[in-house]
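In: coords below, sequence missing:
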């Protein structure tokens, strides 16, 4: 005997990256209030995302390393990294 009304609404949901328009469909229990249309014309619940692997700098390879930003880190270390005898005690 299965209990009624205890399982989440698990269905196909259209996720859209709002920064670049990238769309993908997967099954999810995410609560949605809007509907969206897939590229093949299906009308599905819509969940809007701020970023995905298609737009995040880490995944796109555009992330800058702090150590490679024009030597600023090394410049800071040279200027403030050396401590005096009184400050190091």
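Out: Looks like it came in fine. Computed from a predicted model, the values in this text were never measured in an experiment.
In: what residues are up against residue 12?
Out: 25-28, 44-45 (Cβ atoms under 8 Å, 6 or more residues apart in numbering). From N, CA and C alone the C-beta is placed, and that goes for glycine too.
In: how does it look with 7 Å?
Out: Residues in contact with residue 12, defined by Cβ atoms under 7 Å, 6 or more residues apart in numbering, are 25, 27, 44.
In: Equivalent analysis for residue 18, please.
Out: 48-50.
In: Hmm, residue 34 and residue 43 touching each other?
Out: No - between residue 43 and residue 34 there is no contact under Cβ atoms under 7 Å: 10.8 Å.
In: Low-confidence stretches in this structure?
Out: Scanning the chain with the threshold set as pLDDT under 70 gives 1-2, 59, 63-70, 82-89.
In: sorry, back to before: now, the contacts of residue 18 that are in strands?
Out: Among the contacts of residue 18, the ones falling in strands (DSSP state E) are 48-49.
In: Let me have the contacts of residue 18 in TSV, extended by distance to residue 76.
Out: Listed next are the contacts of residue 18 as TSV, based on distance: Cβ to Cβ, whole Å:
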residue	distance to residue 76
48	39
49	35
50	31
